[in-house]
Every structure is written in structure tokens, then in C-alpha cells.
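Colleague: Can you look at this prediction? I've put the sequence above it.
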Amino acid sequence: MIPRVFDVHVHFVEDERLYSDRVEQLLRYAEEFNVRKIALIGNLGANHLVEKAFREYPDVFVGLARVDLDADEPEVVDEYNKRGFAGLKVILTRKDYDDPSYFPFYERAEENNMVVLFHTGVIGGPVDYLLQEPSAFPKSEEVATQMLKGKSSARMRSLFLDTIANTFPKLKIIGAHLGWPEYLVSCAVARWRRNVYFDISGGEVVRRHIIEGKYIKREISVKKVLFGTDSNVEKMPREVVCWYDALRGMGLTHEEIDSVMYGNAAKIFHLEE
């Protein structure tokens, strides 16, 4: 029996023509796999589609607005709060996450009681050079070059969340992918900073590392771990099943699995006390 699920890491469409089909797919995913809540992540220029979804289906969706800390003004945080977004998504910054120039964004998020989900760790791309020959994907390489030009995973380390947590102690902070591959750094930050949590999205690779490293409950509290898929709709059900089996295999109790899969996120997003 699959426990209740809160999927905190779901990227949404940026093309309005895909909106209806994607919503239908997500609602079916929610119904079939006991997914009570889905946090939809917006794309730059397409946050309005996330807003449309959580306004039409408030019982299922909550919204995370994608913000560009290098191009937006901090006041945009207040605007998204007024529009009903539960939080923000931050990724691909040109400076370290804890650069003081970004503090006005975090200050406003804290004041508005919003969650901030940070990508942490090495960012993926369209070509996996461990598994694929790059010469077979020239177009993908061109896309990657344009998308990541001038950007660096070094700016998005989980250790930078430590500074932010200390400066904004009431801000709810989520680091994605347990900071892969700096898992122990992420666990240490979550261990000592009350307002820092990590999701375990990232697919088979992240799951294998977490299982083999035995991080959950030994290095990071069960209360600090959140379930997320960060996957396409076709693979999301598999992520639910595989993580449920993995958590049981780690010896977690039913109550602990419920915390990881649903309860922790519900508290962060103020759905449960």
C-alpha cells in the first residue's frame, strides 16, 4: 500500500499548448499513486501557467515561482506572494547563493512565510558522458552550451544554504537532490540548521548513492528529508514505488516513511501543524 505522497519537485510546462494535457497527466498520477499534493515549479516567463494550475486545482497543486536573482528585482517576491505562490525556485545564479546581493529576495520570502527551493549540487545536462558518446548528440551539446554558458554548479553548493539559514532563521529552505554529490555536506547543514531540509529527487543515481551511503537516519534526520521526483510524468510513478521500497529496505517505520513521503513537506508548506 503506497503511503500518502507530497511531491515537492515537479517542473511544469512553459508552453500553454501543453497545459491541459500535462494537468490531466498529473491529476491521474495523483489519483493513482495517492499523491495528495504536488509542488509545481515554474519556468522563467511561464510562472503564470503554474498559477493557473493551482488556482484551478487548489486541492492538489501548490506553486513555486521561478525567480532570476540576477535579473529580477526583490519586489517580485511580494508580487508572487500576493498571487498565491507558496514559494520560490532558485537555480543557475551567476553568484554564490549566499552572496549578500541576493539577501533582499530571501528577506522578502521570509517575511511572506514562503518556501525557497534551491537546486543544489552539480546540474545535469542533455548528454550523460558516463553513459553516452557525445558525438552522437551534437544538437544536445549545442543546447547545453547555450543553457549553461557563464553558469556553474560551483555557485549552487549546499554549503551556501548554511549562510542563508543563519541569516534568515525563519525562512523555510529546501535543497534539491541532497546536494549531489556533496551528500555529507548537505546532511551536516540539515543537522545543525533548524530551517534547512533536502529533497531526494534525482532518479536512480541519487537514490543509489543515498541507499549505499546509508545517509537517512544516520547522517540526516528523517524529519529533514522530503520526497520529490524531478522527473517526466511517465517516470514519476516509478519514483514513488522505488522510493517507497527503498525506505522500507532501510528499515524505516511506517510513521517515518510517512514523514519523508508526505508529512515533512505538509508542515513546511503549512498544510499541517
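Modeller: Received, thanks. Quick caveat, the model's predicted, so the values are computed rather than measured.
Colleague: Residues in contact with stretch 251-265: which ones?
Modeller: Residues outside stretch 251-265 that contact it (CB atoms under 8 Å, 6 or more residues apart in numbering): 3-6, 8, 36-37, 39, 197, 200, 216-217, 222-227, 243-244, 247-248, 272. All C-beta atoms are positioned from the backbone trio N, CA, C, and that covers glycine.
Colleague: Can I get that stretch in PDB, CA atoms only?
Modeller: Output in PDB follows, covering the C-alpha atoms of stretch 251-265 (Å, rounded to 0.1, in the frame of the first residue of the first chain):
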ATOM      1  CA  GLY A 251      14.200  -0.300   7.900                       C
ATOM      2  CA  LEU A 252      12.200   2.900   8.400                       C
ATOM      3  CA  THR A 253       8.900   2.600  10.200                       C
ATOM      4  CA  HIS A 254       5.500   3.400   8.700                       C
ATOM      5  CA  GLU A 255       5.500   6.700  10.500                       C
ATOM      6  CA  GLU A 256       9.000   7.600   9.300                       C
ATOM      7  CA  ILE A 257       8.100   6.800   5.700                       C
ATOM      8  CA  ASP A 258       5.000   8.900   6.000                       C
ATOM      9  CA  SER A 259       7.200  11.800   7.200                       C
ATOM     10  CA  VAL A 260       9.500  11.500   4.300                       C
ATOM     11  CA  MET A 261       6.800  10.900   1.600                       C
ATOM     12  CA  TYR A 262       4.300  13.500   2.900                       C
ATOM     13  CA  GLY A 263       4.300  14.800   6.500                       C
ATOM     14  CA  ASN A 264       7.500  16.900   6.500                       C
ATOM     15  CA  ALA A 265       6.500  18.800   3.300                       C
END
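Colleague: For the stretch 151-273 of the chain, give me the ranges with low pLDDT.
Modeller: Counting by pLDDT under 70, the ranges of the stretch 151-273 of the chain that qualify are 273.
Colleague: in it, which spans are strands?
Modeller: Assigned by DSSP state E, counting those that start in this stretch, the strands in the stretch 151-273 of the chain fall at 172-175, 196-199, 225-226.
Colleague: Which of the helices or strands spans the closest residue in space to residue 171 that isn't next to it in sequence?
Modeller: Counting by CB to CB, 6 or more residues apart in numbering, residue 171 lies nearest to residue 110, which is 4.1 Å off, once chain neighbours are set aside. Element membership for residue 110 (DSSP states H and E) is helix 103-111.
Colleague: average pLDDT for that helix?
Modeller: Averaged over helix 103-111, pLDDT sits at 98.
Colleague: List of residues touching that helix?
Modeller: Contact partners of helix 103-111, identified using CB under 8 Å, 6+ apart, comprise 67, 69, 72, 74-75, 77-78, 81, 87-88, 115-116, 164, 167-168, 170-171.
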